[in-house]
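Novice: Whatever this is, show me its structure:
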Amino acid sequence: MDDDVAEHRQWLREKTHALLTRFSSWRRSVKIGLVIGGALLAGSSGAAANLVSATIKWPFYVFQIFGVLLVFAGGVAMEFLDEGAADAIKRANDLADIAEERESDIAALEGDFEWFTRIYATATAFREIVEGSVALPGTAEDRGRRFAALLDILVAEKAVLFGMDADRWNFAIYLFDAKDGVLACVTCRRPIRAEEEAPHRSWKPGEGHIGIAFQTQREIVASDTAEPEARALFDAPEASRRDDDVSRYRSIASIPIRLAGEAPIGVLAATSDIPGRFWLRQRDEEGARDPVEPLRILASALALIVRTADFKGAPQGFKS
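Specialist: The predicted model follows:
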């Protein structure tokens, strides 16, 4: 679709250039014709007037005056109204650039509107699940199903909320187990079901981006973990490293799961093998999209479910 639009714009630009160039050449020819034609008329009329008797000179004088007027009109037109081919092309380019800039602005606004619409719908769906948890806390199995449902809602909107397409992505919920002293993965979603069901690594507080987010109680986000300043922060301990960590986890966001004023009870992790999927939005950035905001909303929903169901009676652990 984008290639077709680009080709159409290029064809339109070339067609506009050709028409404006042709029109400019025609207009220049008309103006030059006025000058040359007027000069010939005035000159020939003056010469003829000298060859005839005085009684019939006046019609030639009239033609001579008319010729001078044509020369004057052509000169004025050449001076004030002429636009050459180069000027016409430049004007066409300027108009095309303005049109493309406006189309780009409109497309950006449409994208922002769609993002706002999807995040609102996602937050509403999260709220319904939380409200169901408040009404019927349920069992540990019910909690697991609610966690899975929340992740499924997020995954369904990943293309709009995070720009994910053919990424090798991962969304995982880690809760702190006080008994073992580790953050254990309790629910995750990945593109391949076998990877979801495979054993997952656990992290001690301070280990890797998940452990650091839990220990420091702050969001840990990297647009590209391959950058030198991010590499040290996001490297896993040597004993926990895997061969594909560097290529698979290029963009990362780890969000503490907690209620306001409380210590974290876990971490929500989101990753992609495509750089630039997650970043911390600055206040002065243009555009409305914030790829971390949906994760913050989900982390709050998870904290409410855990607290409401009383599966984590105190900040230091959870029941398994």
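Novice: how about the CA coordinates for stretch 219-235, as CSV?
Specialist: Below are the C-alpha coordinates for stretch 219-235, written out as CSV (Å, rounded to 0.1, in the frame of the first residue of the first chain):
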residue,chain,number,x,y,z
GLU,A,219,10.7,1.2,35.7
ILE,A,220,13.6,-0.3,33.7
VAL,A,221,13.2,0.5,30.0
ALA,A,222,15.6,0.3,27.1
SER,A,223,14.9,1.1,23.5
ASP,A,224,18.0,-1.0,22.4
THR,A,225,19.9,-3.1,24.8
ALA,A,226,22.8,-3.4,22.3
GLU,A,227,23.8,0.1,23.1
PRO,A,228,26.9,0.2,25.3
GLU,A,229,25.3,2.2,28.1
ALA,A,230,22.4,-0.3,28.3
ARG,A,231,24.4,-3.5,27.8
ALA,A,232,25.8,-3.7,31.4
LEU,A,233,22.4,-3.0,32.9
PHE,A,234,20.5,-5.6,31.0
ASP,A,235,23.1,-8.4,31.0
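Novice: quick one: contacts of it?
Specialist: The contact list for stretch 219-235 (C-beta atoms under 8 Å, 6 or more residues apart in numbering) reads 208-209, 212-213, 241, 246, 249-256, 275-280, 292, 296. Just so you know, the C-beta spots here come from the backbone N, C-alpha and C atoms, and that holds for glycine as well.
Novice: Which of those are buried? Put it as a ChimeraX command.
Specialist: Remark: buried members of these, expressed as a ChimeraX selection using 16 or more other C-beta atoms under 10 Å:
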select :208,209,212,213,249,250,251,252,253,254,255,256,277,278,279,292
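Novice: Restricted to strands, list the contacts of stretch 219-235.
Specialist: Those of the contacts of stretch 219-235 mapping onto strands are 251-256, per DSSP state E.
Novice: Same list, those, but as JSON lines with pLDDT and distance to residue 130 please.
Specialist: Converted to JSON lines, the ones in strands among the contacts of stretch 219-235 look like this (pLDDT from 0 to 100; distance: C-beta to C-beta, whole Å):
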{"residue": "251", "pLDDT": "94", "distance to residue 130": "28"}
{"residue": "252", "pLDDT": "94", "distance to residue 130": "26"}
{"residue": "253", "pLDDT": "96", "distance to residue 130": "21"}
{"residue": "254", "pLDDT": "96", "distance to residue 130": "22"}
{"residue": "255", "pLDDT": "97", "distance to residue 130": "17"}
{"residue": "256", "pLDDT": "97", "distance to residue 130": "18"}
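Novice: I am finished for the moment; much appreciated.
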